[in-house]
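# Pasting the sequence and the predicted model now:
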Amino acid sequence: MSEQTPVTMNLDGAVARRGLMLVLSSPSGAGKTTLSRQLLSEFSDLTMSISVTTRPKRPGEKEGVDYFFVDKIEFDLMRNKRLLLEHAKVFDHYYGTPAGPVEKALTAGRDILFDIDWQGAQQLKQEKRDDLASIFILPPSTKELEQRLKSRAQDSNKVVAQRMSKAVDEISHWPEYDYVVVNHEIEDALAQVRAILIAERLKRTRQTYLVNFVKRLQDGQ
């Protein structure tokens, strides 16, 4: 499919709309990572949110590309100064979303994609509800979810069982999202997520140029 590049500048060269924060959440194995990669390849002005973390850098990871790597003192400073839109502790390391780069992108009319869990989504909603559109990805069945986890051949049976157990709690949070997509087939799910993104971009409140544009229409221009 050809790259989706929406017009983000109006005739005066000003930003035509405010960007949005698109959140994808799902239990592990339901397909949100695949969907995220597809969206990023199709939409040139959609970028992945880059988190700050206290986790050590792994081989091949790049500063400012995979994560912003900081120590615990700096992380706590950012959190105390409310410079993080959301944060969480995962396996003894801390992760968070810096507010500055997100606001800069939104103001420039660029969209930010978040691949986060329900807890992070709740925090983002509290901080920037008007800029947020959230989608929860469901598997067609628990049997299919388990099969997908096993077919990835990335985890032991014990880890798969742990992920399945965690999935029950994660799925219970589906009513907290704006949209829900059941991933029967990845292409169908992608088409639905794509449609949601395009529709969200067209919301009246995000098309910041409309006030002046409509005024010119009313003035006969």
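That came in fine, so what should we check first?
# looking at this, residue 144 is in a helix?
Yes. Counting by DSSP: H, G, I helix; E, B strand; the rest coil, residue 144 is found in a helix.
# So it versus residue 25, what's the distance?
Distance of residue 144 to residue 25, given as Cβ to Cβ, to the nearest Å: 18 Å. Where C-beta positions appear, they are placed from N, C-alpha and C, glycine not excepted.
# Of these two, which one has the most company?
residue 25 (23 against 14; other Cβ atoms under 10 Å).
# What are the boundaries of the helices in the chain?
32-42, 72-80, 99-107, 118-128, 142-151, 157-171, 186-201, 210-218 (DSSP state H).
# Now the last one: buried residues?
For helix 210-218, burial by neighbour count (16 or more other Cβ atoms under 10 Å) applies to residue 213.
# I'd like the numbering to begin with 48 instead of 1 from here.
From this message on, residue numbering opens at 48, which makes the last subject helix 257-265.
# could you give the mean pLDDT of it?
Averaging pLDDT along helix 257-265 yields 90.
# What of the longest one?
The predicted model assigns helix 233-248 a mean pLDDT of 96.
# which regions of the chain sit below the pLDDT cut-off?
48-62, 200-202 (pLDDT under 70).
# Pull the number of nearby residues for residue 256.
17.
# nope, residue 116 is what I was after
16.
# Go ahead and confirm it touches residue 104.
Yes. Contact between residue 116 and residue 104 holds when scored by Cβ atoms under 8 Å: they sit 5.3 Å apart.
# ok, now which ones touch the residue lying closest to residue 183 once chain neighbours are set aside?
Once flanking residues are discounted, residue 183 sits nearest to residue 224: 4.0 Å by Cβ to Cβ, 6 or more residues apart in numbering. The contact partners of residue 224, taken as Cβ atoms under 8 Å, 6 or more residues apart in numbering, are 70, 72, 168, 181, 182, 183.
# Likewise for residue 85?
233, 237.
# now it: how far from residue 186?
Applying Cβ to Cβ to residue 85 and residue 186 gives a distance of 17 Å.
# do residue 209 as well
From residue 209 to residue 186 the distance is 16 Å (Cβ to Cβ).
# So between the two, which is more surrounded?
residue 186 (22 against 13).
# wait, the more buried one sits on residue 194?
No. Using Cβ under 8 Å, residue 186 makes no contact with residue 194, being 9.5 Å away.
# Check the spacing between residue 177 and residue 225 real quick.
12 Å.
# Between these two, point out the one with more neighbours.
residue 225 (14 against 10).
# what's the nearest residue to the more buried one if we skip its chain neighbours?
residue 181 (4.9 Å).
# Run through the bridge partners of that neighbour.
residue 70 (DSSP bridges).
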